[in-house]
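A.B. asks: here is my input; please provide its structure:
(2 chains)
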Amino acid sequence: MNESIAETRESQGGDRAASPYWNPYLAGVLLGLTLLASLLTLGAGLGASGGLARIGAEVESWFAPVHVAASGYFGPWGENPLSYYLVYMLAGVFLGGLVSAIFARRIEPQIERGKAATARRRLALAAAGGVLAGYAARVAGGCTSGQALSGGAMLLTGSLIFMGCVFAGGFAAAYFVRRQWHD
Amino acid sequence: MIDTYYSTGQLDSPRAFFVALAIGLAFGFVLERAGFGSSRRLAGIFYFRDMTVLRVMFTAVITAMLGLLLFTGMGWIELGSVYAMPTIFGAQVVGGLLFGVGFVMGGWCPGTAAVGAVSGKLDAVAFLGGAIVGSILFNETFPWLGWLMDWGYQEEPLFAFGMPRAVFGLLFTLVAVAAFYFAEWVESLSGGGAYLRSSLLKGLAAALVVAAAALLVLPGDEGAGAVVGGRASEQALLASIDEGADHIEPEDLADRIIAGEPGLVVVDVRPADEYAAFHIRGAINAALSDLPQVLAERKNQGQIVLYSSGMTHPAQARDALARLGYENVWLLTDGLRGFVDRCLTPVSLRSEPLPPEAAARVRRWQAYFTQQQAGARSAASAGAAAREAAETAPAVVSTEWLAERLESASVRILDVRQQPVFSSGHIPGSVRVDPESLRGVVGGVSSMLLPAEMLAEHLGLMGIEPGDTVVLVSGDALRDATLVGMALARVGHRNWSILEGGFARWAAENRPLETALRRLQRHDYHFDPAADWFTVDADQVADALKDSQAVVIDTRPEEYFLGVKSDEARPGHIPGAVNRPYTADLAEDGQFRPIDQLAAEYARLIPAKDTPVIVHCRTGHQASQTWYLLARRLGYENVRWYDGSWTDWAARPDKPVATGKT
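C.D. replies: The predicted structure is shown next:
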């Protein structure tokens, strides 16, 4: 816990210290109840990458509408890919995160990295990781939220396997990108 | 029994969007409070430095899992009311491994990056941008990913590795509790692990294990609740299967698609790459798992027809939809294979001779269903239809394309400009055709495109054969070329294109010209009498207007549409038609404006690619340009042409007329 942002900020003598994070087990129970509410009302779990992919379809169709309409994956989403429940859910995540961060006084423009790592290196790794994760989420049909959390809670065999593979892939690659966190 | 937005097919409704927004709010709030707005913390788990991710994630999964087991076990909700993602072992293993690498590299996953971005983390913004690019890359590489997306695909989603869910749930809970203590112990080695001996963790662990054990006494997945609700409809379903009332014959379907029957939706449930290679014209593509969402608005409205290569998958899908309350789902008898065999096999290849009427019907189907899938890769399963279609010339060719083929005997150039300008210089080997020579008084109406046999006579005089590729060269009026294109389409000429930029571009590029007139050999042009499925008369326009889906486009200048100007029997327009002057599609040089812009503008006018569209103008001439644009350039699949146009409509006292903006 000694590396958490809250304490870093305190050590930097910020104007007013940020609120501490919630107890992780309490946060987990509340996250689980949010997920359960989603399953019981929408009839579908949480999801984030689905909304990003919809934005991808919208962005690509600004430049090549005919091509997108004819493409195999985005095409069937129709003329208005943003009209989809996961897009609204993603908007909610942004909003909910913002509200929480404001009240916790945790908004601070920064590039989070180890002191020994350059900002450019960290941004490049973040962007490359994003490309990889965005691509992989489409392959698997979901990300940490949609497959691991939601599919895991439904005990879907494929989602449980996905969850195991995420950790396997992460631990396997961790060594090679460790220096971005070195202080 | 709880109905979800998914189970009632309303996941795309504004109310579901609002609920999703509210759930997203709670989701984002909790993620932020858990500390997931920090990439250092998220990545910490991969270095055994900060195990917060493990604690929060596993607590959440177990909490939601136990809750769902309780609701399904008590019969408060059916498991089928919650969308279960398909099980695809290969895609989920490969996707999971890649995702893990992306996660540790980026320090974020999509949901947490959203929270990080609003907390001011620029690396989260970079990650989100990357994830959007990654999604686009997936779409671009999708045609090559068929093997991966099918690798280990299971017909039905699998649960809990085949164990009873509650039993697996208890094991999973025990593993999670062990993981919590492991996480605390690992962190305690470096001075953390604050909860290792806390009563909070003890209490939570005990509560989760006791709850999981207690759920074992509830009925399992095959419990009473899951079946009772569906029993009555199951019986109705079995009865309808028995009567064969749930099948539609290929011939019947073909005729109804061509007629543009309102409310008919045809769904191809094969993988997207097979759909891309060949599909029944007008069909939409949807994975089995997406059907409830895709078809939500069509539930018990109109007729839904499912097909695949064979019969098994659609039958399973129909059963699943029936359980969700759909009563309007039909299957295509013998699937796509049956459709190709029975409707699209050329008359000459059939083992039994067909009576002339039936043969004409087959030719009409062939003309309609094998048209316009140009560029489609021919797959073995697609059969002859796709192979023929693949030979279709592009709708537009460049001057370079034509220059390279000037010597080709099978490429014929038709120049539609006036005689004096043609004689003073034309593209070598071209033949002049006067578009007006292809029109006349037919059925008492002026300026009608001549019947196919007369057009074939014309083409024969020009020495054109059905296998030739015809390139049309326009002067300042693109519509002259497209009108000749209508004539070619009417006789079933497969390969015809328009020269991009017309004669003006050819001349501006200083390409060769000649003034000599070539001597032509007259041929008998054997035309296809059933190729013209697209010309409609006034009654067909009136019928189409009764269908709220159909779009009738009047391409005349606005003042004629409004009725301010008129040179026909009555001023005004067809009630329900929309005005889109043909000139709106043209740039100053008389050629089409950028095609992407036009695509976007028409997308606002026409809801879907398979929407029935009818174009008309005053005489059918200007509308031919819009027909070509929509059908050949923008990929609209069901565009028809009212040749008689306003000349005909205005002179029919039984047809209504509107003026002004309405």
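
A.B. asks: got any ranges where the chain has weak pLDDT?
C.D. replies: I went with chain A, as the question did not name one. Applying pLDDT under 70 to chain A flags residues A:1-16.

A.B. asks: that was the other one, I meant chain B.
C.D. replies: In chain B (pLDDT under 70), the answer is B:220-245, B:351, B:371-393, B:662.

A.B. asks: domain parsing of it, as residue ranges.
C.D. replies: Using automatic domain parsing, the domain ranges for chain B come out as B:14-217, B:231-357, B:396-508, B:535-650.

A.B. asks: as CSV, those with mean neighbour count would be great.
C.D. replies: The C-beta positions use only the backbone N, C-alpha and C, and glycine is treated the same way. Below are those laid out as CSV (neighbours: other C-beta atoms under 10 Å in any protein chain shown):
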stretch, mean neighbour count
domain B:14-217, 21
domain B:231-357, 17
domain B:396-508, 19
domain B:535-650, 20
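
A.B. asks: of all the ones you listed, which lies closest to chain A?
C.D. replies: domain B:14-217 (2.1 Å; C-beta to the nearest C-beta).

A.B. asks: still on that earlier bit, now tabulate the domains of chain B in a markdown table and tack on distance to residue B:659.
C.D. replies: As requested, the domains of chain B are arranged in a markdown table below (distance: least, C-beta to C-beta, whole Å):
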| stretch | distance to residue B:659 |
| --- | --- |
| domain B:14-217 | 36 |
| domain B:231-357 | 27 |
| domain B:396-508 | 22 |
| domain B:535-650 | 4 |
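
A.B. asks: ok, residue B:498 touching residue B:472?
C.D. replies: Yes. At 5.0 Å, residue B:498 and residue B:472 qualify as touching, with contact defined as C-beta atoms under 8 Å.

A.B. asks: can you list residues touching both of those two?
C.D. replies: Residues touching both residue B:498 and residue B:472 by C-beta atoms under 8 Å, 6 or more residues apart in numbering or on different chains: B:481, B:482, B:485.

A.B. asks: in chain A, which residue is closest to the centre?
C.D. replies: The residue lying closest to the centre of chain A (C-alpha atoms, centre = their mean) is residue A:48, at 6.3 Å.

A.B. asks: now, the shared contacts of residue B:498 and residue B:472 that are in helices?
C.D. replies: Secondary structure defined by DSSP state H assigns B:481, B:482, B:485 of these to helices.

A.B. asks: dump the residue contacts of the last one.
C.D. replies: It stands for residue B:485. So residue B:485 contacts B:472, B:496, B:498, B:624, B:628, B:632 (C-beta under 8 Å, 6+ apart).

A.B. asks: may I have the secondary structure class of residue A:167?
C.D. replies: Here residue A:167 takes the helix state, with states given by DSSP: H, G, I helix; E, B strand; the rest coil.

A.B. asks: now it: how far from chain B?
C.D. replies: Applying C-beta to the nearest C-beta, to the nearest Å, the value for residue A:167 to chain B is 6 Å.

A.B. asks: how about that residue: what's its closest non-neighbour residue?
C.D. replies: Leaving out its chain neighbours, the residue that sits closest to residue A:167 by C-beta to C-beta, 6 or more residues apart in numbering or on different chains is residue B:100, at 6.3 Å.

A.B. asks: just the CA atoms of whichever helix or strand that neighbour is part of, as CSV, please.
C.D. replies: Taking DSSP states H and E as the criterion, residue B:100 maps to helix B:89-106. C-alpha atoms of helix B:89-106 as CSV (Å, rounded to 0.1, in the frame of the first residue of the first chain):
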residue,chain,number,x,y,z
PHE,B,89,-12.3,-22.0,-26.6
GLY,B,90,-9.7,-20.9,-29.1
ALA,B,91,-10.8,-17.3,-29.3
GLN,B,92,-11.1,-17.1,-25.5
VAL,B,93,-7.7,-18.6,-24.8
VAL,B,94,-5.9,-16.5,-27.5
GLY,B,95,-7.9,-13.4,-26.6
GLY,B,96,-7.3,-13.9,-22.9
LEU,B,97,-3.5,-14.3,-23.3
LEU,B,98,-3.2,-11.3,-25.6
PHE,B,99,-5.5,-9.2,-23.3
GLY,B,100,-3.3,-10.1,-20.3
VAL,B,101,-0.2,-8.9,-22.2
GLY,B,102,-2.0,-5.7,-23.2
PHE,B,103,-3.2,-5.2,-19.6
VAL,B,104,0.3,-5.4,-18.1
MET,B,105,1.9,-3.3,-20.8
GLY,B,106,-0.7,-0.6,-20.6
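
A.B. asks: elements contacting that helix?
C.D. replies: helix A:119-140, helix A:157-174, helix B:39-43, helix B:122-141, helix B:146-150 (3 or more C-beta pairs under 8 Å, 6 or more residues apart in numbering or on different chains; DSSP states H and E).

A.B. asks: for these, which one sits closest to residue B:87?
C.D. replies: Closest to residue B:87 of the helices and strands packed on helix B:89-106, according to C-beta to C-beta: helix A:157-174, at 3.8 Å.
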